[in-house]
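[1] coords please:
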Amino acid sequence: MLLEHTFIHIQGIGSKTEQRLWAKGIRSWRDFLDHGEDIFSPARDDFVRGELEDSISHRQDVRYFCDRLPAGETWRLFDAFRSRTVYLDIETSGGHQGFDEITVIGIYDGRCVQTFTDGINLDDFEIAISRYDLVITFNGSAFDLPFIRRRFPGISLPPGHIDLRFLFKKLGYAGGLKKIEKHFGIHRDAGIEGLNGFHAIGLWQNYLLGDPKALDTLIRYNRADTVNLEALMKIGYRKMKARLLEPGGNTPDNEKNNPDRQ
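    Numbers count the residues shown, from 1 in each chain. Predicted coordinates for the structure are as follows:
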């Protein structure tokens, strides 16, 4: 896993130093700890060894690494915490009747989707989301998570967050979720193909006016938004990992020869 090849969470080690360590054959935490000769200097090596021992002891603690990784590098957490990851997307009322409130929240853990709907079971979301360590959104930093924190004051959201909007922007892909989906050949069912956030607001309004089918369509739309985040996260992670490891021929976990780990 890439996390165990990562050194930039240690104070004083940046991306260039990390690359130099890999080039010397020090490709993992264990490689550094087991190295028999000086790498930097005796004092600095002792400091780094202490940090790496702490890293190993906190290997299951996503918050430990979130607090230490640069903001743009939290994507490295994905593979290490995949089993405790949740994908999240919300819909809102769009300011209908003067209030912009959450109407639907969808979460997906890679196995099943849960939907939480205002007036039905929205309050159950607070307990459901507490089970996860890492949440993945598209533009959630500016939209989904602020809305959730306002609706649920004091909520314990997962300590780790990867916002795919910024991950794909870093990779050179601009635009919204649907545009990026289409670029990578991710399709939606015919009944919801072409729908967007504006349509989602209208579907909620129609539901409030007594159309139960409108809610069914809204939930299907939200489900696609949520589930498709997994495919995009895998693509983004693979591309970022290749960009990090392949240019200099440094492949700590033999990524080129082991595609199943992508």
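[2] next structured bit after the host helix or strand of residue 148?
    Residue 148 belongs to helix 144-151 when elements are defined using DSSP states H and E. Toward the C-terminus, helix 144-151 is succeeded by strand 160-163 as the next helix or strand (DSSP H and E).
[3] can you list the strands that that following strand pairs with?
    Using DSSP bridges, strand 160-163 pairs in its sheet with strand 134-137 (parallel).
[4] which residues touch the partner strand?
    62, 77-78, 81, 84-89, 129, 144-145, 157-158, 160-164, 229-230, 233 (Cβ atoms under 8 Å, 6 or more residues apart in numbering). (C-beta placed from N, C-alpha, C; glycine too.)
[5] now list the buried members of the residues you listed.
    62, 77-78, 81, 85-89, 129, 144-145, 157-158, 160-164, 229-230, 233 (16 or more other Cβ atoms under 10 Å).
[6] so where is the stretch 101-250 of the chain shaky, pLDDT-wise?
    Filtered on pLDDT under 70, the stretch 101-250 of the chain yields the residue ranges 247-250.
[7] and residue 7, how far from residue 103?
    Applying Cβ to Cβ, to the nearest Å, the value for residue 7 to residue 103 is 44 Å.
[8] repeat that for residue 23.
    Going from residue 23 to residue 103 by Cβ to Cβ gives 52 Å.
[9] neighbour-wise, which of these two wins?
    Ranked by neighbour count (other Cβ atoms under 10 Å), residue 23 and residue 103 place residue 103 first, with 26 against 12.
[10] could I get the full set of strands for this protein?
    85-92, 102-108, 113-117, 134-137, 160-163 (DSSP state E).
[11] ok, which of those strands comes nearest residue 11?
    The stretch from the strands of the chain with the least distance to residue 11 (Cβ to Cβ) is strand 160-163; that distance is 20.1 Å.
[12] correct me if wrong: residue 26 contacts residue 37.
    No - with contact defined as Cβ atoms under 8 Å, residue 26 does not reach residue 37; the gap is 10.6 Å.
[13] ok, now which ones touch the closest residue in space to residue 240 that isn't next to it in sequence?
    Spatial nearest neighbour of residue 240, excluding adjacent residues (Cβ to Cβ, 6 or more residues apart in numbering): residue 75 at 5.5 Å. Neighbouring residues of residue 75 by Cβ under 8 Å, 6+ apart: 162, 167, 236, 237, 240.
[14] can you give me the distance of the last one to residue 205?
    If I follow you right, that is residue 240. In terms of Cβ to Cβ, residue 240 sits 39 Å off from residue 205.
[15] having no further points to raise, I will conclude here.
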